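Undergrad: Give me a 3D structure for the following:
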Amino acid sequence: MLDIKKAEFLGVFVDINLLPEGGLPEIAIVGRSNVGKSSLINKLVNRKKLAKSSSTPGKTRTINYYLVNEQFYLVDLPGYGYARVSKSEKRKWNQMMENYLAKREQLRGVIQLVDVRHAPSENDVLMKEWLSHHNIPILIVANKLDKISRGARQKQFAIIRKALDMQEDEPPLGFSAQSGEGVEELKTALEEILNFVRSEG
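TA: The predicted structure follows:
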């Protein structure tokens, strides 16, 4: 299992041509606005305020880099699906996301974060289909596990699995930044992704 001893905020970027150079592997985190990406990062690296949540959901329009163990980057991509931005800004954001995900050679895989309480949104489904089409390894993480009863989990997992066209024997990874449930499993999954050589195709 991955042992995270050090994590630091490297910076924010709005131009993919200015992203960090070098060959360190990257794992990107995607999800709709306010799904809890910052909380997941903080819990994963055991730092309360390393990643900061925007007070206004959907306002974050940057690519945020976090260096972990000086060995790889966690890359927080802008939240999607927030309506209160202009169409031109949405186009600009979509282009930046696509350029990063399709062209970034250091990218090893993507954590797609969904809210376990709700069925995946249209944007969640489109993102999953897009990543699959581009042959990018995906880890579906169902966040906010502490918000539902244990009895409701399997039902919600089944809804997510069906909507995102996941394999029957491959449920989403349950996670809670509040209780810490799923942290160890996520670290193990990250280690597997980092060891996976992305196949082009």
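Undergrad: Return the per-residue confidence for the nearest residue to Val116 once chain neighbours are set aside.
TA: Excluding the flanking residues, the one nearest Val116 by C-beta to C-beta, 6 or more residues apart in numbering is Ala142, at 3.9 Å. The C-beta positions use only the backbone N, C-alpha and C, and glycine is treated the same way. Ala142 carries a pLDDT value of 98.
Undergrad: in the sheet, who's paired with Ala142?
TA: With DSSP bridges applied, Ala142 shows beta-bridge pairing to Val114, Gly174.
Undergrad: Quick check, it in contact with Gln112.
TA: No - counting by C-beta atoms under 8 Å, Ala142 stays clear of Gln112, with 10.0 Å between them.
Undergrad: neighbour count winner among those two?
TA: Using other C-beta atoms under 10 Å, the more surrounded residue of Ala142 and Gln112 is Ala142, with 25 against 21.
Undergrad: what about the residue sitting furthest away from the middle of the chain, distance to Gln178?
TA: Note on the chain: the largest C-alpha distance from the chain mean falls to Gly151, namely 25.9 Å (C-alpha atoms, centre = their mean). Between Gly151 and Gln178 the computed distance is 19 Å (C-beta to C-beta, to the nearest Å).
Undergrad: Repeat that for Leu44.
TA: 13 Å.
Undergrad: And for Gln156?
TA: 17 Å.
Undergrad: Could I get the buried residue list for stretch 185-193?
TA: Neighbour-count burial for stretch 185-193, counted by 16 or more other C-beta atoms under 10 Å, picks out 186-187, 189-190, 193.
Undergrad: mean confidence score for it?
TA: 95.
Undergrad: do stretch 167-174 as well
TA: In the prediction, stretch 167-174 has an average pLDDT of 89.
Undergrad: first to last residue in it, what's the distance?
TA: Start and end residues of stretch 167-174 are separated by 16 Å (C-alpha to C-alpha, to the nearest Å).
Undergrad: Who are the contact partners of Phe45?
TA: Residue 45: Val, not Phe. By C-beta atoms under 8 Å, 6 or more residues apart in numbering, the contact set of Val45 is 4, 7, 66, 68, 74.
Undergrad: about what we covered before: comparing Leu44 and Gln178, which shows the higher neighbour count?
TA: Ranked by neighbour count (other C-beta under 10 Å), Leu44 and Gln178 place Leu44 first, with 25 against 13.
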